[in-house]
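Asks: A structural model of the following input is requested.
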Amino acid sequence: MLKGPYLFYRQTLFQFGPPEYQVYSLDYQYAVEELANQMDMIRKFFKIKEAKGWRKRWTEYVTQKYFPRRNRSPLVKDLIEQTTTTRNFLTMALLQTADVDEENPVLWRCMCKFWEKPVSRSWPPRKELPTTLTELVADCIEQVGRKKHGRKVFFSSLLSALKALPAAVAVFKRTVSGPNAGPTLFFGGVVLSGDDVTSLVKFFPYLLHLKGLKFPHCKIKTDGVTKIAEQLHFLQHLEKINMYKNDIGNEGVKKLAEKFHLLQKLKELSLQGNSISASGGTAIAENVAHLQALERLSLGENKVASSLPDLARSFAKMPRLRSVGLEYLGYEGEAEVAANAERVREAVDILCGSIRPYRQTTTLYNQTCGKSATDTTLVDGKWEAVKKVMKLSNYIVVIQSGNLDIRISLGLDV
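Replies: Sure, this is the predicted structure:
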């Protein structure tokens with residue numbers, strides 16, 4: 001009997017309440033994992049008793065409501081057999097306790113959609129059951145929530161069903177392994193209003209093991225990203241955030257940057273094309289060093305050239321960073337052109353790096369890094385050559401420092 005973890009978990013649960021608990025320490029995770037292996041103890045503690053006749057109601061739902069025209073197909077028979085005989089704790093708990101008295105139980109609908117979702121357009125249904133609540137919720141809100149019609153009603157119904165779940169289901173954790181393990185929430189190209197984002201972030205307490213948050217081309221504005229940032233403390237397993245081509249602006253990126261310290265597992269971050277300028281670039285530079293696991297960063301198509309030196313100082317403190325995109329930063333006026341050129345050179349000096357054309361190996365400029373140059377005129381002459389090859393707005397050069405490559409184009413017109 002695991003009395004220590006059991007008592008610790010029980011005390012934590014009753015003190016903070018499910019599912020909006022605030023404590024998620026290593027001891028807490030250990031307690032949940034160990035208790036998950038003690039099926040009898042969990043079922044007894046949370047009183048997850050088998051609802052009378054739930055198997056019959058589930059079979060009727062699958063054959064008559066969800067698959068009315070395919071109720072005799074091997075797919076449906078396989079689903080019924082797997083869900084009624086499975087030893088998957090999450091599946092059993094959901095089927096026995098989730099909105100079984102409703103006419104159209106939303107979590108049962110999600111279970112069926114998860115089961116029949118194709119691996120790809122040319123592949124058959126995956127025929128798998130969810131092993132974590134994160135998998136089920138992410139898949140369900142992505143499949144159904146991408147459709148504008150009925151999105152608000154569906155989100156409301158799903159959230160109500162999740163709030164009614166026993167605490168054991170809400171915090172159930174599975175050890176996730178492998179480089180691509182864990183679900184991703186993807187809403188690419190779906191226009192999300194402020195109200196839509198507000199509804200989405202309410203699911204974050206049930207997406208604790210989400211690995212990716214991808215909202216490219218969703219027209220999310222400052223208020224939307226602010227709401228996302230306020231709930232990021234639930235998503236501490238995130239490895240990818242993609243906000244490509246939205247309109248979060250300086251205030252939005254400031255709110256997001258303030259939460260960087262929570263994302264210790266984040267490996268990829270894309271903020272390209274988000275109407276970010278000098279103040280937003282400064283906010284990123286001040287906080288990005290908190291992302292010690294970050295490997296790829298995209299900040300292109302934002303006017304953040306004035307923050308290049310500060311960004312370079314932060315990049316120097318990030319040993320895992322491998323790729324940074326700063327393409328098409330733009331400029332206004334001749335004075336800014338000259339100033340941006342010097343900022344690029346300062347960034348190279350800070351990183352003790354070199355400059356080469358994109359997809360070429362020829363070095364155009366190499367910083368001596370504290371070593372006294374034998375010929376200052378020669379060094380300055382090489383830099384003038386760099387400025388000349390950067391005169392085209394679409395010409396990209398690469399600042400290389402160790403394993404770090406920074407792609408940058410400023411459109412220097414000299």
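Asks: buried residues in stretch 154-164?
Replies: Buried residues in stretch 154-164, counting neighbours by 16 or more other C-beta atoms under 10 Å, are found at 154-155, 157-159, 161-162. Where C-beta positions appear, they are placed from N, C-alpha and C, glycine not excepted.
Asks: repeat that for stretch 80-92.
Replies: Quick answer for stretch 80-92 (16+ other C-beta under 10 Å): 80, 83, 89-92.
Asks: closest one of those to P319?
Replies: L90 (37.7 Å; C-beta to C-beta).
Asks: possible to save the buried residues of stretch 154-164 as TSV with pLDDT?
Replies: Putting the buried residues of stretch 154-164 into TSV (pLDDT from 0 to 100) gives the following:
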residue	pLDDT
F154	88
F155	90
S157	88
L158	89
L159	90
A161	85
L162	85
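Asks: now the residues you listed in CSV, with distance to S270 and secondary structure?
Replies: Below are these laid out as CSV (distance: C-beta to C-beta, whole Å; DSSP: H, G, I helix; E, B strand; the rest coil):
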residue, distance to S270, secondary structure
F154, 28, helix
F155, 25, helix
S157, 32, helix
L158, 28, helix
L159, 28, helix
A161, 33, helix
L162, 29, helix
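Asks: where does the stretch 201-350 of the chain have low pLDDT?
Replies: 332-334 (pLDDT under 70).
Asks: lowest pLDDT pick from the buried residues of stretch 80-92?
Replies: Lowest-confidence member of those: F89, scoring 70 (pLDDT).
Asks: could you measure from the residue nearest to Q264 when sequence neighbours are not counted over to S409?
Replies: Spatial nearest neighbour of Q264, chain neighbours left out: A293 (6.3 Å); criterion: C-beta to C-beta, 6 or more residues apart in numbering. Using C-beta to C-beta, to the nearest Å, we find A293 at a distance of 27 Å from S409.
Asks: neighbour count: the two, which is higher?
Replies: S409 (19 against 14; other C-beta atoms under 10 Å).
Asks: right, and the more buried one touches Y331 too?
Replies: No - counting by C-beta atoms under 8 Å, S409 does not reach Y331; the two are 10.7 Å apart.
Asks: ok, and what's touching stretch 243-259?
Replies: 215-222, 224-226, 228-230, 232-233, 270-277, 279-280, 283-284, 286-288, 298 (C-beta atoms under 8 Å, 6 or more residues apart in numbering).
Asks: could you flag which of the residues you listed are buried?
Replies: Counted by 16+ other C-beta under 10 Å, the contacts of stretch 243-259 give 215-216, 218, 220-222, 224-226, 228-229, 232, 270-277, 280, 283-284, 286-288, 298 as buried.
Asks: list the ones among these that fall in strands.
Replies: 270, 298 (DSSP state E).
Asks: for the stretch 101-250 of the chain, just list every one of the helices.
Replies: 106-116, 133-145, 151-163, 167-170, 194-201, 222-230, 249-257 (DSSP state H, counting those that start in this stretch).
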